[in-house]
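S.K.: here's my sequence, what's the structure:
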Amino acid sequence: MVKEVEGFPIPVDSRLHRNTTPSFTVSEPYLFDGLEFGFDARSHRFATAIYKAQEARHSATGILTAVSESHLDVAPYFIYSSVWGGGAPWAVMTFRGERLDSKRTTTTKVLSRGMRCLARTIPASWSRPSAPWATQSAASPRGFMRPTARRIPR
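M.R.: Numbers count the residues shown, from 1 in each chain. Below is the predicted model:
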């Protein structure tokens, strides 16, 4: 199934895992498909749409958007910030399907790792240094950290 998010066709799986957990559309499965197997026409189209929806959200709202699963330092300790999840765009959810939009994260791994690794197989605008969304999202996360966030010793 496909749902429109920010004007782009996003692949969505409406089935429930164990009749409870909704599926989440995040960036990695589509990035890994390109990294591991190379894009075919369909996976390239979906990866492009997922990227462009995030870029469009940033353009429309100014909110940096790079969605993925993320670890938290408080319960529930793991969330999915999604392009589509639980029947809605930009949902932040637990594996059990609870909505937790207040725990939204921005993950630099989506851009700085995945998208940049695929720079030869993705549209030129994805790796264009002047693209504000890509540049800001892939920048050092220090500016986004809470002053009280725990830091890992080096």
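S.K.: tell me, how many residues neighbour residue 18?
M.R.: Residues near residue 18, counting by other C-beta atoms under 10 Å, number 5. Bear in mind the C-beta positions are built from the backbone N, C-alpha and C, glycine included.
S.K.: what pLDDT does it get?
M.R.: With respect to pLDDT, residue 18 has a value of 71.
S.K.: all helices of this protein, in order?
M.R.: Taking DSSP state H as the test, the helices found in the chain are 28-37, 41-61, 108, 116-117, 124-127, 132-138.
S.K.: hey, least reliable of the ones you listed by pLDDT?
M.R.: Ranked by mean pLDDT, those bottom out at helix 124-127, which scores a mean of 48.
S.K.: quick one: closest of the helices of the chain to residue 78.
M.R.: In terms of C-beta to C-beta, the element of the helices of the chain nearest to residue 78 is helix 28-37, at 14.1 Å.
S.K.: in the closest one, what's buried?
M.R.: 28, 30, 31, 33, 34 (16 or more other C-beta atoms under 10 Å).
S.K.: equivalent analysis for stretch 96-110, please.
M.R.: Buried, per 16+ other C-beta under 10 Å, within stretch 96-110: 97, 103, 105, 106, 107, 108, 109, 110.
S.K.: in a markdown table, list these along with distance to residue 60.
M.R.: Output for those, formatted as a markdown table (distance: C-beta to C-beta, whole Å):
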| residue | distance to residue 60 |
| --- | --- |
| 97 | 27 |
| 103 | 22 |
| 105 | 20 |
| 106 | 16 |
| 107 | 20 |
| 108 | 21 |
| 109 | 23 |
| 110 | 19 |
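S.K.: and which of these is nearest to residue 62?
M.R.: Within these, the smallest distance to residue 62 is 12.6 Å, found for residue 106 (C-beta to C-beta).
S.K.: now that closest one. Its backbone dihedrals?
M.R.: phi -120, psi 120 (degrees, to the nearest 10).
S.K.: pretty sure it is touching residue 57, no?
M.R.: No. Residue 106 sits out of contact with residue 57 when judged by C-beta atoms under 8 Å, with a separation of 11.3 Å.
S.K.: which residues touch the closest residue in space to residue 70 that isn't next to it in sequence?
M.R.: The shortest distance from residue 70 to any non-neighbouring residue, by C-beta to C-beta, 6 or more residues apart in numbering, is to residue 105 (4.1 Å). By C-beta atoms under 8 Å, 6 or more residues apart in numbering, residue 105 lies in contact with 68, 70, 72, 79, 81, 92.
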